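Colleague: any chance you can model this:
(one chain, ligands or ions: 2)
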Amino acid sequence: MVRVAVAGASGYAGGEVLRLLLGHPDVEIGALTAGSSAGSTLAQHQPHLVPLADRVIEETTAAVLHGHDVVIMALPHGASAAVAEALDERSVIIDCGADFRLTDPSGWQRFYGTAHAGSWPYGMPELVRVGGGKQREVLAGSHRIAVPGCYPTACSLALAPAVADGQVQLRDLVIVAASGTSGAGRSLKPHLLGSEVMGAMSPYGVGGVHRHTPEIEQNLTAAAGEPVKVSFTPTLAPMPRGILATCSAPLAHGATGDTVREVYEKAYADEPFVQLLPDGRWPNTGNVLGSNVLQLQVTVDERVGRVVVVAAVDNLTKGTGGAAVQCMNLALGLPEGTALPTTGVSP
Ligand SMILES: NC(=O)C1=CN([C@@H]2O[C@H](COP(=O)(O)OP(=O)(O)OC[C@H]3O[C@@H](n4cnc5c(N)ncnc54)[C@H](OP(=O)(O)O)[C@@H]3O)[C@@H](O)[C@H]2O)C=CC1
Ligand SMILES: CC(=O)N[C@@H](CCC(=O)OP(=O)(O)O)C(=O)O
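Modeller: Residues are numbered from 1 along each chain as shown. Ligands and ions are numbered 1, 2, ... in the order given. So this is what the prediction gives:
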C-alpha cells in the first residue's frame, strides 16, 4: 500500500483529493493536516467524507508529513515551498497550489508579487506539445509535480491541439471563462456571500491581470514552440462547482472546419479524461460534476474566420483533486486512471 498524507485537508481541494483517495485500492490515507483547523475532526469540515469522520487534523509541519510515500499539498499559494523543502527527497510531493507551476521567475513575480519558489514538472498529462509529444512523458516516475490551476486546465486543453498543429494563427487568442464559487476556496470572502453571487454573474481579474494568464500562456507556448499571448477574462457564476471556458482564435490560412476537427480527434482519441463531444453537442458544466473528464467541442465560425472551442470541467475534480490523483498514479507507475471517475453526477 502507498501511504498518502494530505495537507490542507479541511479545504475544498483537500476534500476532493480525499474523496478520490478513499476509492483508491492502493492507498492508505495517512496524516491529514491544515492550518487553524488543527485539532478538530475532519467531520467538522468535510462531513461528506464519512469513513474519515473521526480523524483528527494535525498541524502542517514537516515532522507530521514525514515518512509518507506521497504528500499531496492543497495549501494557499506561498505555503507549499517551505514545507516541501523540509520533506524527504524520496517522498512524492504533489502540489495543488501555484507555487511551482511557472518556469519564468519574472512572470511569477509580476502576477503573484512574491519570490519565485522554483518550478516542478507540470501536471497536465494530456497537454500536447510542439512536435507531437505530450506532457505525460515527463510525469512518469517524477517525485515533484505541480498540479495546474483550474482555469488553465480548461483553457489549455481547449486550445493546445489547434495551436500545436498550426490550425490557428498565434495572435488574437481570446478566452472568456466562467467558474463556480468553490474555485475561490473555502475561506470567507464578502463577494462570495450567497446574496452577492446568487442570480448574478460578474467578471473579475479583467484586463490581463488574472494570475492564470501566464500559466495559460506558458502551456500554449509549449504547444506552439513559440511565444503565445492570450486575452483571458474570468467570470464568477452562481454555482458551486464547474468551469465553462469559451476560447477562440483566428483560423490559419488553409485550415478548415474538417482539418480542425481532425486535429482534435487525433489529439484526444486515446485520452479517457478529455472527451471531444460528437459533432453538434456542446459541453455543459452539469455533465462533468464530480467527474475527472474535461468535455469539449470545437467548430469554425466561418463568418468571421475563427475557431471556437468550448470546454467544461469540474474545477475541483479534473481541475485540481482528480488531476492530483492522476499525477500521483503516473509518478508511482500505477494505472493512470485508478480511482478517477469518468462519469459525472446528474442532475
Ligand atoms: N478550489 C479550486 O477549485 C482549486 C484550488 N487549487 C489550489 O489548491 C489550494 C487549496 O485551495 P482550496 O482548497 O480551494 O482552498 P481552501 O481555502 O478551501 O483550503 C485551504 C486549506 O489550506 C489550509 N491552510 C490555510 N493556511 C494555512 C497555513 N498557513 N498552513 C497550513 N495550512 C493552511 C486550510 O486550513 P484551515 O482550515 O485550518 O485554515 C485549508 O485546509 C490552493 O493553492 C488553490 O490555489 C487549485 C485548483 C483549483
Ligand atoms: C472562482 C475563483 O476565484 N477562482 C480562482 C481560481 C482557483 C484555481 O484554480 O486556482 P489556483 O490553484 O491557481 O488558485 C481565482 O480566480 O483565483
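Colleague: partners of residue 72 in the sheet?
Modeller: For residue 72, the beta-bridge partners under DSSP bridges are residue 6, residue 94.
Colleague: list the buried residues for stretch 286-293?
Modeller: Across stretch 286-293, burial judged by 16 or more other Cβ atoms under 10 Å covers 287, 288, 289, 290, 291, 292, 293. For the C-beta atoms, the positions are set from N, CA and C on the backbone; glycine is no exception.
Colleague: my bad, stretch 246-266
Modeller: So stretch 246-266, judged by 16+ other Cβ under 10 Å, has buried residues 246-252, 255, 259-261, 263-264.
Colleague: identify the farthest-apart pair in the buried residues of stretch 286-293.
Modeller: By the measure Cβ to Cβ, 287 and 292 form the most distant pair in those, at 13.0 Å.
Colleague: mind saving the C-alpha coords of stretch 163-177 as CSV?
Modeller: Below are the C-alpha coordinates for stretch 163-177, written out as CSV (Å, rounded to 0.1, in the frame of the first residue of the first chain):
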residue,chain,number,x,y,z
VAL,A,163,-2.1,25.8,-31.6
ALA,A,164,0.3,22.9,-31.8
ASP,A,165,-0.9,21.9,-35.2
GLY,A,166,-0.9,25.3,-36.8
GLN,A,167,-4.7,25.3,-37.2
VAL,A,168,-5.0,28.8,-35.7
GLN,A,169,-2.9,32.0,-36.0
LEU,A,170,-1.0,32.8,-32.9
ARG,A,171,-2.4,36.2,-32.4
ASP,A,172,-5.7,37.4,-31.0
LEU,A,173,-6.5,34.3,-28.9
VAL,A,174,-9.4,35.2,-26.7
ILE,A,175,-10.8,33.3,-23.7
VAL,A,176,-13.8,34.1,-21.5
ALA,A,177,-14.4,31.6,-18.8
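Colleague: what mean pLDDT does that stretch get?
Modeller: Mean pLDDT, computed over stretch 163-177, is 97.
Colleague: what residues does it touch?
Modeller: 128-130, 132, 151, 154-155, 159, 161-162, 216, 220, 223-226, 228-235, 243-252, 255, 259-260, 263, 267, 307 (Cβ atoms under 8 Å, 6 or more residues apart in numbering).
Colleague: just put the buried residues of stretch 246-266 in JSON lines and tack on distance to residue 181 and secondary structure.
Modeller: As requested, these are exported to JSON lines (distance: Cβ to Cβ, whole Å; DSSP: H, G, I helix; E, B strand; the rest coil):
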{"residue": "246", "distance to residue 181": "19", "secondary structure": "strand"}
{"residue": "247", "distance to residue 181": "22", "secondary structure": "strand"}
{"residue": "248", "distance to residue 181": "26", "secondary structure": "strand"}
{"residue": "249", "distance to residue 181": "29", "secondary structure": "strand"}
{"residue": "250", "distance to residue 181": "33", "secondary structure": "strand"}
{"residue": "251", "distance to residue 181": "35", "secondary structure": "strand"}
{"residue": "252", "distance to residue 181": "37", "secondary structure": "coil"}
{"residue": "255", "distance to residue 181": "37", "secondary structure": "coil"}
{"residue": "259", "distance to residue 181": "39", "secondary structure": "helix"}
{"residue": "260", "distance to residue 181": "33", "secondary structure": "helix"}
{"residue": "261", "distance to residue 181": "34", "secondary structure": "helix"}
{"residue": "263", "distance to residue 181": "34", "secondary structure": "helix"}
{"residue": "264", "distance to residue 181": "30", "secondary structure": "helix"}
